[in-house]
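**Student:** sequence first, predicted model second:
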Amino acid sequence: MPASRHLAFAAAVTALCAGPAAHAALLDLAAPIGGANVYAIKNFTSSGSDTEGAIVAGGNVTLSGYRVNDKNKDAFSNYSVVAGGNVNMSNGNIVNGLTYAGGTITAPNWALDGVSTVKPIDFKATESYYKTLSSALDKLANTGTVTGGAGTSYVSGSGKGGVDIFDVSGNIFQTSKEWKLSNLVPGQTLIFNVSGSSGSFADNNIEFASLSGYNVLFNFYEATSVDVRSVIGSILAPYATVSKNSGNVNGTVIVDTWNSTVQINTNGFKAVEVAGLNLGTSTPPSTAVPEPASIALVLGGLAAFGLARRRKP
């Protein structure tokens, strides 16, 4: 993890220790997975595509004609693939980092950049953490609105910048073709809590260019299937399977199961403090690397100060 993230964690811990005036939790989506590009709670399966950063999966990682970590964005400092189960790879490359498998590794020697027997993550704790996080984000009070849906979605923020929270019905995005933005500050964070059992962005036809100047997270807190082709923004969908093909995601991806050829790029979610975020007693996984320990300090402080949870109207 880069030094800048360590500084961010240190600043958050300092603020928490300063007293009750600190009322914001640090949201660093990729920190519990060591900065990986994508995390699948169960299996990650893909072919004929690539992930610009590292892959972490609690189950099997199965790849064919695939390239991993081409942009040298390691997880846990020096891992490109971390799997709780087996790693099976043919006609591809895992570069710029080690491969760990809780089971077996089946791949040509030339396709790997080294193998590790050290597991850098607690998979069960990581799953629990992301599910808790997804639910906690949904409980945040809205600071903006999303309306429309018949061709155009109108997104209006608070006008204050920082972090804006939006409730969104999944069927709005399914019928939208473009975004119209107002009362937003360039570069700010937008968190969309998307309801519904399935999430779709107009079957790959919605225009995302207008969101490219923002730090965007789509939280599918209850979806069991998500279509995330050609998305500018990060995805948190801890109960969902991604199975649609083609396109790309520009962000950090957290899902239950990945079975897709969608390319995953390394423009990840930027760490940000979120007012009112309450994770209760949930803490990120305990691992052998220093980054998750830093997160635990932050969340421990949050629990101690008992940040209030607010239900949305």
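**Tutor:** Sure thing, it's come through. Quantities reported herein were computed from a predicted structural model and do not represent experimental measurements.
**Student:** and the helix or strand encompassing Phe173, what other elements does it pack with?
**Tutor:** Using DSSP states H and E, Phe173 falls within helix 170-175. In terms of contacts (3 or more C-beta pairs under 8 Å, 6 or more residues apart in numbering; DSSP states H and E), helix 170-175 is packed against strand 151-156, strand 189-195, strand 198-200. C-betas here are computed from N, CA, C, even on glycine.
**Student:** these: which one's closest to Gly34?
**Tutor:** Nearest of those to Gly34, taken as C-beta to C-beta: strand 189-195 at 21.8 Å.
**Student:** quick one, the closest one and strand 151-156 angle?
**Tutor:** Angle between the axes of strand 189-195 and strand 151-156 is 130 degrees (criterion: axes from the mean of the first three to the mean of the last three C-alpha atoms, to 10 degrees).
**Student:** closest one to Ser47 among the helices and strands packed on helix 170-175?
**Tutor:** Of all the helices and strands packed on helix 170-175, strand 198-200 sits nearest to Ser47, with 22.5 Å by C-beta to C-beta.
**Student:** with adjacent residues omitted, what lies nearest to Glu207?
**Tutor:** Glu178 (4.7 Å; C-beta to C-beta, 6 or more residues apart in numbering).
**Student:** how about the contacts made by Ala57?
**Tutor:** 39-44, 82-85, 258 (C-beta atoms under 8 Å, 6 or more residues apart in numbering).
**Student:** restricted to helices, list those.
**Tutor:** Under the assignment DSSP state H, those contribute nothing to helices.
**Student:** now, which of these sits nearest Thr152?
**Tutor:** Thr152 lies nearest to Trp258 out of the contacts of Ala57, by C-beta to C-beta, at 30.4 Å.
**Student:** quick one on the thing from earlier: using a markdown table, please lay out the helices and strands packed on helix 170-175 together with distance to Lys124 and mean neighbour count.
**Tutor:** Listed next are these as a markdown table, based on distance: least, C-beta to C-beta, whole Å; neighbours: other C-beta atoms under 10 Å:
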| stretch | distance to Lys124 | mean neighbour count |
| --- | --- | --- |
| strand 151-156 | 36 | 16 |
| strand 189-195 | 25 | 22 |
| strand 198-200 | 25 | 21 |
